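Chemist: Requesting a structural model of the entry that follows:
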Amino acid sequence: MQMKKISLPVLMIFVLITCCSFLNAQESDKSDRRAEALRKFSEKKYTEALPMYRQLLNEFPKEPEYLYCTGVCIVQLNGDMEEAIRLLRPVTGTDYSHLSWFFLGRALHLYYAFDDAIKAYSRFILKGKATEIKEYDVERLIEMARNGIEYTRLGYPLMVQQVEAVNTDELHEAAAINGTGKLMKKPIEFCSKTDIRNGYKPWMFLPAYTEINEYIFVSGYEPGKKNNKQIFRIRNLNHETWGFPEPLNESVNTIYDEEFPYFDARSSTLYFSSKGHSSMGGYDIFKSVYDWNSKTWSRPENVGFPVNSPYDDFVYITDELSHSASFISTRATQPGMGNIYRIKPDQDALGVRFLNVDEIRMASLLQVNIKPAEPAISSMINNTDAMKDDSTINMPVNPSILKSDYNKILAMALVLQLRADSAARTTRDLRVQAKETPNDSTKKQLISDILKNDKEAKSLQREADLLFSEARKLKESIPLATTPVSDSNIVLSGQVNGIKIYQYKSGIGQVNTTPESHVEIPAPAVKAVKTDVFNHSGSSQYSDANPIPAGLKHDQGLVYRVQLGVFSKTKPNNAFGGISPVVYDQVPGSSVIKYYAGIFYSINNVIKALEIIRSEGFPDAFVVAFFNGQLITTEKAREIEFAGYKL
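Modeler: Okay, the predicted model is just below:
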């Protein structure tokens, strides 16, 4: 059978129709997925909407709608606020939704970046509708953020003895972790008609020995009024009969919600949670002392950071002797969940001054620490030196003791390094302010602050370097579990950055040291060591013929660089003298240009290079870190770098 020839125009029309059909099918699929995600989002089913928007965002990474909805879902689900900030920031520069300013403010607020949160909230007030500003109570959120700034200036140390996750519908478990008594739902006999009408049966604490408590304390709605939740007390009349609920006065109750009262009979102290007073966000825990003589309550006092946070903190219960306490917080949890923290406050400790958001966030994590107080660092270092002195002490060293001391020293070194970086960044910011201010008196004060912060930064850096050095020395004294000492075929060939490098013998009974035939076989656990790239010669290697390259190329893994400065236009090729390698990178969507120097794989080496660069006329330079091409904090970088050292 003879086939008919298809003309070229007909073939082209057929291909065009097929392509259009395929594209229409693709567009229809995208439209269907977008409509379904938007429906879930509008119904506030954020758990279901989030994976849908993540998939759409993966296909269309610059679409404002997908950036916005993904960011909002993360905020509402109490997810990674750093990711939410990264997604919502670019949306504020578009016309997609002025609500992006509000949710950016919420993400910054929950990230403890209170100053930036206030700025975002303020932009929302300028752009939002009056009904939206009232609905989201933005002015109150700004007050809370200001409270957060105040309370996170200082933090007071806590010994966290236990952390346990709990469903917020099962709070009765919180009383089991601390205190004598039980948490229970308020009995119907204690509920007002307004409580019943609103279906409100709050949690209350019932002491184990009600006969020694003249009152019990509950929360509820005031009868016949539309106020928010308030604190009441109910008098124990004869150990069997209870009086009517009496609302506490305005020194305790506010126009905002108050809940979760607990009365410590020993100290006559009422602990309760409030969204009013000086809350830094959500429910904060407050305390007020009752004066039995004057029958009055003291002005409620915020128990402070890090017990309180921008999240909900509630159900504060003390033990019988007030030596320890427990409370619940929704920080670092999923919706509907909370963490019960059992803590031992150090009442006599001096407050710790926090220098940046990273330090505040680290303190807010409330990690478990039930170890006794550590010995002074000087004695610890002396003790480890004594243990390493084989000539004076001829006895085996317990590896577990060395590992414990190593981890303690390294942890203290990391804390000091973090503070040194913070002080250095503060110094850099003050220098910028001093250059820009026209006021002589202000400039003098700034110069004084610069000298003070610079001195502190250098002092902290010296202490951190000393401890890092001690940690590495101690590391050398710890036997490597991966290297059997009985294996006579393995020998120590050298050390790189404080890490012992082993190799196998190439012959029987001896090591082959002939250069031509020498074959090094490292132990399986040892990774290849990357080499830093940095030079500072007398003259610049860059010129018009060999310009400073553009575009920051990223390697896999952890990389440190020194950021030389931020500029609005490119600098001359010889602007940075003999420092090399240098590269510049333009921030997407702006005219901002950043210059970087060197490639480093060790925090110690990049800090040494930073000192050289600053001494050569670039005092505002500072260290930045990247992991797999993503900019990370130096704190996170140290965790990654030293992960292999932790034993």
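
Chemist: Count the residues that sit near the closest residue to residue 248 other than its chain neighbours.
Modeler: What sits nearest to residue 248 in space, not counting adjacent residues and going by CB to CB, 6 or more residues apart in numbering, is residue 231, at 4.9 Å. (C-beta placed from N, C-alpha, C; glycine too.) Number of residues near residue 231 (other CB atoms under 10 Å) recorded here: 24.

Chemist: and the gap between residue 235 and residue 295?
Modeler: For residue 235, the distance to residue 295 (CB to CB, to the nearest Å) stands at 13 Å.

Chemist: before we move on, back to that, then the residue nearest to residue 248 would be within a strand, right?
Modeler: Yes - the assignment for residue 231 is a strand, going by DSSP: H, G, I helix; E, B strand; the rest coil.

Chemist: Show the model's pLDDT score for it.
Modeler: pLDDT recorded at residue 231 is 96.

Chemist: Likewise for residue 546?
Modeler: In the predicted model, residue 546 carries a pLDDT score of 91.

Chemist: Tell me who's in contact with it.
Modeler: Taking CB atoms under 8 Å, 6 or more residues apart in numbering, we find residue 546 in contact with residue 573.

Chemist: which one of residue 235 and residue 295 has more residues nearby?
Modeler: Taking neighbours as other CB under 10 Å, residue 235 and residue 295 compare with residue 235 leading, 13 against 8.

Chemist: what helix or strand does that one sit in?
Modeler: Secondary structure assignment for residue 235, by DSSP states H and E: strand 230-235.

Chemist: mind checking how far that strand is from the chain centre?
Modeler: 38 Å (CA atoms, centre = their mean, to the nearest Å).

Chemist: how does the protein divide into domains?
Modeler: Domain ranges of the chain: 24-151, 154-364, 377-473, 481-524, 535-641, per automatic domain parsing.

Chemist: quick one: which of those domains has the weakest pLDDT on average?
Modeler: Per-stretch mean pLDDT for the domains of the chain is lowest at domain 481-524 (a mean of 41).

Chemist: all helices for the stretch 101-250 of the chain, in order.
Modeler: In the stretch 101-250 of the chain, the helices defined using DSSP state H, counting those that start in this stretch lie at 114-127, 130-135, 138-151, 172-177, 193-197.

Chemist: ok, back up a step: would you mind measuring from the residue nearest to residue 248 to residue 103?
Modeler: Relative to residue 103, and taking CB to CB, residue 231 is found at 32 Å.

Chemist: what number of residues lie near residue 294?
Modeler: Count around residue 294 with other CB under 10 Å applied: 7.

Chemist: mind checking which helix or strand it is in?
Modeler: Using DSSP H and E, residue 294 is not contained in any helix or strand.

Chemist: And it, how far from residue 154?
Modeler: Distance check for residue 294 against residue 154: by CB to CB, it reads 31 Å.

Chemist: And for residue 453?
Modeler: In terms of CB to CB, residue 453 sits 18 Å off from residue 154.

Chemist: what does residue 100 give?
Modeler: Here the criterion is CB to CB. By it, residue 100 lies 33 Å from residue 154.

Chemist: of those two, who's got more company?
Modeler: For residue 100 versus residue 154, neighbours defined as other CB under 10 Å are more numerous around residue 100 (26 against 13).

Chemist: does that one really touch residue 92, like I thought?
Modeler: Yes - if you go by CB atoms under 8 Å, residue 100 and residue 92 touch, sitting 4.9 Å apart.
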